[in-house]
Every structure is written in C-alpha cells, then in structure tokens.
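1. predicted model, plus sequence, below.
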Amino acid sequence: MKDPKKSKKRQRFKIPDDLKDIVTYPYHHPPREFVEKHIETLKQEFEKYKMVEYVDIYGGNHAMFKHIYYWDKYVNPEIKKRCENWCSQFNYANEALRLIKQVKSEIIY
C-alpha cells in the first residue's frame with residue numbers, strides 16, 4: 001500500500017482561524033459618459049473602416065464577426081484581426097454600460 005504522506009494529491013486549502021469578519025465594498029464603476037463616449041468612438045471606427053461587410057450588429061449592442069468557414073481563409077488577416085478586436089471591445093463596452101445602468105438600484109460585488 002501507498003504511504004498517505006507521500007501521496008501526490010494536492011493538499012486541501014485551509015482557511016486560517018484568524019480570518020473572519022470580511023467586509024466587502026461596492027465596486028466604483030467608471031462614469032457612464034466615459035463608456036458611452038467609447039461606444040461612440042467604436043461606432044465611428046466601424047464607419048471609417050467599412051466593417052459593415054465583415055461585422056453584424058444585433059440589437060444595436062452586440063457585434064459578431066461574419067464567419068463563413070469556406071471563405072475564412074481568404075479574408076485579409078489584418079482585416080479579420082481588426083474586426084474581431086473591434087467586436088470584442090464593442091461587446092465589452094456595451095456589457096459595461098448595461099451593468100452601470102443596472103447598478104443604479106443594485107450593488108455588484
């Protein structure tokens with residue numbers, strides 16, 4: 001039989017006894033205007049680079065890169081990278097704005 005002391009299993013984490021009375025404070029989000037300005041900048045970038053050919057926007061607040069498997073190989077890598085990065089930033093900013101609007105009545109921890 002194996003010696004239990006030489007087991008390769010990870011030791012369970014133990015919470016120290018002196019750790020108690022943890023107090024959390026609400027997160028201070030960025031100003032709503034800052035996020036809205038970022039979204040406007042992204043929309044201008046969308047028009048500037050004519051991303052309408054490569055990106056779909058759903059409901060005005062969610063963007064997805066138009067991915068068609070058979071043509072994916074032929075899309076310019078710079079355009080693809082720019083569009084995917086733009087979609088990520090646009091979705092991130094819109095989710096942040098949604099949470100800021102929600103925080104008015106709730107506290108997010």
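-> Perfect, thanks for sending it. Residues are numbered from 1 along each chain as shown.
2. name the helix or strand of the chain that has the lowest mean pLDDT.
-> The least trusted helix or strand in the chain, going by mean pLDDT, DSSP states H and E, turns out to be helix 69-72, with a mean of 86.
3. neighbouring contacts of that helix?
-> residue 80 (Cβ atoms under 8 Å, 6 or more residues apart in numbering). To be clear about C-beta, it is placed using only N, CA and C from the backbone, and glycine gets the same treatment.
4. which neighbouring elements make contact with the helix or strand just after it?
-> Downstream of helix 69-72, the first helix or strand assigned by DSSP states H and E is helix 77-103. Helix 77-103 is packed against helix 32-48, strand 55-58, strand 62-65, with contacts defined by 3 or more Cβ pairs under 8 Å, 6 or more residues apart in numbering; DSSP states H and E.
5. just the angle for helix 77-103 relative to helix 32-48, thanks.
-> On the basis of axes from the mean of the first three to the mean of the last three Cα atoms, to 10 degrees, helix 77-103 is oriented at 150 degrees to helix 32-48.
6. so how far is helix 77-103 from its chain's centroid?
-> 7 Å (Cα atoms, centre = their mean, to the nearest Å).
7. in that helix, which residues are buried?
-> Neighbour counts over helix 77-103 (16 or more other Cβ atoms under 10 Å) mark 82-84, 86-87, 89-90, 93-94, 96-97, 100 as buried.
8. please apply the same query to stretch 23-38.
-> Quick answer for stretch 23-38 (16+ other Cβ under 10 Å): 35, 38.
9. alpha carbons only: can I get it in PDB?
-> Extracted C-alpha coordinates of stretch 23-38, given in PDB (Å, rounded to 0.1, in the frame of the first residue of the first chain):
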ATOM      1  CA  VAL A  23     -16.300  43.200   4.700                       C
ATOM      2  CA  THR A  24     -16.700  43.900   1.000                       C
ATOM      3  CA  TYR A  25     -17.300  47.300  -0.500                       C
ATOM      4  CA  PRO A  26     -19.100  48.100  -3.800                       C
ATOM      5  CA  TYR A  27     -17.000  48.400  -6.900                       C
ATOM      6  CA  HIS A  28     -16.800  52.000  -8.200                       C
ATOM      7  CA  HIS A  29     -17.600  51.800 -11.900                       C
ATOM      8  CA  PRO A  30     -16.400  54.300 -14.500                       C
ATOM      9  CA  PRO A  31     -18.600  57.200 -15.300                       C
ATOM     10  CA  ARG A  32     -21.400  56.300 -17.700                       C
ATOM     11  CA  GLU A  33     -20.400  59.100 -20.100                       C
ATOM     12  CA  PHE A  34     -16.900  57.600 -20.400                       C
ATOM     13  CA  VAL A  35     -18.300  54.300 -21.600                       C
ATOM     14  CA  GLU A  36     -20.900  56.000 -23.900                       C
ATOM     15  CA  LYS A  37     -18.000  58.000 -25.500                       C
ATOM     16  CA  HIS A  38     -16.000  54.800 -26.000                       C
END
